[in-house]
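Undergrad: sharing a model that was predicted from the sequence below.
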Amino acid sequence: MAKLWDKGANSHTEATQLIENFTVGKDRELDVWLAPFDVLGSVAHIRMLESIGLLDTTELTQLVAALADIYQMAQSGKFIIEEGIEDVHSQVEMMLTQKLGDVGKKIHSGRSRNDQVLLDLKLYMRHEIKEVVQLTTALFEQLMQLSNQHKNTLLPGYTHLQVAMPSSFGLWFGAYAESLTDDLLLLQAAYRIVNQNPLGSAAGYGSSFPLDRQMTTDLLGFERLNYNVVYAQMGRGKVEKNVAFALGAIGGSLAKMAMDVCLYMNQNFGFITFPDHLTTGSSIMPHKKNPDVFELIRAKGNKLQALSNEILMITANLPSGYHRDLQLIKENFLPAFADLKACLQIATYMFQHIQIKEDILKNEKYKYLFSVEEVNKQVLAGTPFREAYKNVGLAIDAGNFDPDQSIAHTHIGSIGNPGNQQVKQKMQHIVQSFDFASFAQALDRLWEL
């Protein structure tokens, strides 16, 4: 099949094949992921074309029926991009043309591959962000359940990796739960940038056809348009960078949490463990229980944090307009969602089976954890803080420090009052604010003629 851009004058030589192999890159492989979204965008586009007189009702009906078949193929994993076809857009148009003849050739009126891929990517991101939010919420709920369950189980808190003050598993689990709420705030901001319709910007300079861009916006359930056509094209790369940064924020929380787990499983800490079947062993050391799952979560989380910088480096010195550099962003950006979702799923599963050690702080080496508690008790009894601090320090130096290990914290967010209910309400508000139902309902109605 001729390329969408081919005017028919190019001869197929060894040189042109070499150029094609280099410029197409991994597009065929990656564009399969975009196939269902390319079809959805095409349905909205042709419905708009019919409304402005560029298709008749019969042609629209034929095209929608044929696109529905392609959509089912894409949803069931049977859609492929054939050898010699550049990308998903070319494959879909070829399949329509083979089935419907000249009618299939009409779907490209008023759009360019530039706004088509922008639209595909935004629809893909919207879908994937919804799944990330659902999986993040599931992990959040698991962490909150553990925080409530182990609210009164104490463990050492550290600063500078030195024993510092008493903490609790309630605080530890709850800290990462609340961290995820702020990560979703970042993702929500990125989602609202995604949820703007670029379709109709064509190659970045609009079209002489009287396109109804608001109609496609409504049909696809976008919150609003990317109004300026030049800016719509400038969004390529910028949108992915913002989403990647938000995904990296979740990845960062997971990586830090995974590092804690690896430390706390270490025999020198010994705070937690997991059943043997959830850990791995050594080929020569029969006693080993390695936290391979969390080591990989740590690495994948850090890899996700690097993605936004990679996109920044690709786009940093580009002027306005489309440039082929942008194609390379897909190679690591599209798979990032699968990596993050896998990490969220396996972390939730692992925490369903975590085993917590009781009475950790009864070990003699942790008695200095209670030095601040003792200082505060003296202050509450009327001793100035600096005097109390000095008194406890001298007792420690003299080896006379024998603290009361009872804990009586009451302020919100502390050991005795971790604020879990407030954190849960915060998360519920953030998740509801995504309003995924709006675009889901629009896509359900998209096929109704």
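TA: In hand now; what should we look at? Numbers count the residues shown, from 1 in each chain.
Undergrad: so what's Leu449 up against?
TA: Shown in contact with Leu449 (CB atoms under 8 Å, 6 or more residues apart in numbering): Arg47, Leu60, Thr61, Val64. From N, CA and C alone the C-beta is placed, and that goes for glycine too.
Undergrad: one more pass at 7 Å, please.
TA: Leu60, Thr61, Val64 (CB atoms under 7 Å, 6 or more residues apart in numbering).
Undergrad: go on, His411?
TA: His411 touches Asn417, counting by CB under 7 Å, 6+ apart.
Undergrad: again, but for His409
TA: His409 touches Ile415, Gly416, Asn417, counting by CB under 7 Å, 6+ apart.
Undergrad: just the buried ones from the residues you listed?
TA: Ile415 (16 or more other CB atoms under 10 Å).
Undergrad: now, among the contacts of His409, which is nearest to Ser283?
TA: Ile415 (42.1 Å; CB to CB).
Undergrad: pull out the buried residues from the contacts of Leu449.
TA: Buried, going by 16+ other CB under 10 Å: Leu60, Val64, out of these.
Undergrad: which of the contacts of Leu449 fall within helices?
TA: Counted as lying in helices by DSSP state H, out of the contacts of Leu449, are Leu60, Thr61, Val64.
Undergrad: could I get those in TSV, plus columns for distance to Val132?
TA: TSV is the format used below for these (distance: CB to CB, whole Å):
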residue	distance to Val132
Leu60	35
Thr61	36
Val64	31
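Undergrad: mind putting these in JSON lines, pLDDT and distance to Trp172 included?
TA: Listed next are the ones in helices among the contacts of Leu449 as JSON lines, based on pLDDT from 0 to 100; distance: CB to CB, whole Å:
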{"residue": "Leu60", "pLDDT": "98", "distance to Trp172": "58"}
{"residue": "Thr61", "pLDDT": "98", "distance to Trp172": "59"}
{"residue": "Val64", "pLDDT": "98", "distance to Trp172": "53"}
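Undergrad: helices along the stretch 151-300 of the chain, start to end?
TA: Remark: helices assigned in the stretch 151-300 of the chain by DSSP state H, counting those that start in this stretch are 169-194, 213-219, 229-265, 292-315.
Undergrad: among those, which comes closest to Gly206?
TA: From these, taking CB to CB, the stretch that ends up closest is helix 229-265, at 4.3 Å.
Undergrad: tell me the mean pLDDT for the closest one?
TA: If you average the pLDDT over helix 229-265, you get 97.
Undergrad: likewise for stretch 109-120?
TA: 96.
Undergrad: also stretch 365-383?
TA: On average, stretch 365-383 scores 94.
Undergrad: give me the distance from it to the chain's centre.
TA: Averaging C-alpha positions (CA atoms, centre = their mean, to the nearest Å) puts stretch 365-383 43 Å from its chain's average.
Undergrad: for it, measure first residue to last.
TA: 27 Å (CA to CA, to the nearest Å).
Undergrad: buried stuff in that stretch?
TA: For stretch 365-383, a neighbour-count test (16+ other CB under 10 Å) marks Tyr366, Lys367, Tyr368, Leu369, Phe370, Ser371, Glu373, Glu374, Val375, Lys377, Gln378 as buried.
Undergrad: shouldn't the second one be in contact with Pro403?
TA: Yes - under the criterion of CB atoms under 7 Å, Lys367 is in contact with Pro403, at a separation of 6.1 Å.
Undergrad: nearest to Asp359 among the contacts of His409?
TA: Ile415 (15.7 Å).
Undergrad: quick check, that closest one in contact with Leu171.
TA: Yes - between Ile415 and Leu171 there is a contact under CB under 7 Å: 6.2 Å.
Undergrad: which parts of stretch 276-290 are buried?
TA: Buried residues in stretch 276-290 (16+ other CB under 10 Å): Leu278, Thr279, Lys289.
Undergrad: save the residues you listed as TSV, and put in distance to Ala299 and pLDDT too.
TA: Conversion of the buried residues of stretch 276-290 to TSV gives the following (distance: CB to CB, whole Å; pLDDT from 0 to 100):
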residue	distance to Ala299	pLDDT
Leu278	18	91
Thr279	17	87
Lys289	19	87
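Undergrad: dump the residues you listed to TSV, plus distance to Leu449.
TA: Below are these laid out as TSV (distance: CB to CB, whole Å):
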residue	distance to Leu449
Leu278	51
Thr279	56
Lys289	60
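Undergrad: tell me the one among these nearest to Gly41.
TA: Leu278 (42.3 Å).
Undergrad: so how far is Leu380 from that closest one?
TA: 45 Å (CB to CB, to the nearest Å).
Undergrad: same question, Ala395
TA: 17 Å.
Undergrad: swap in Leu318?
TA: Counting by CB to CB, the gap from Leu318 to Leu380 is 62 Å.
Undergrad: and for Asp183?
TA: Applying CB to CB to Asp183 and Leu380 gives a distance of 38 Å.
Undergrad: check Tyr368 too.
TA: The separation that Tyr368 has from Leu380, given CB to CB, amounts to 20 Å.
Undergrad: what does Ala232 give?
TA: Counting by CB to CB - Ala232 and Leu380 are separated by 62 Å.
Undergrad: now His409
TA: 13 Å.
Undergrad: over to Ser112?
TA: 72 Å.
Undergrad: likewise for Asp182?
TA: 34 Å.
Undergrad: same check, this time on Ile129
TA: For Ile129, the distance to Leu380 - CB to CB - is 49 Å.
Undergrad: what's the burial count for Ile70?
TA: 21 (other CB atoms under 10 Å).
Undergrad: how about it, what does it touch?
TA: Val39, Phe79, Val92, Met95.
Undergrad: so which bits of stretch 145-152 are buried?
TA: Neighbour-count burial for stretch 145-152 [16+ other CB under 10 Å]: Leu146, Ser147, His150, Lys151.
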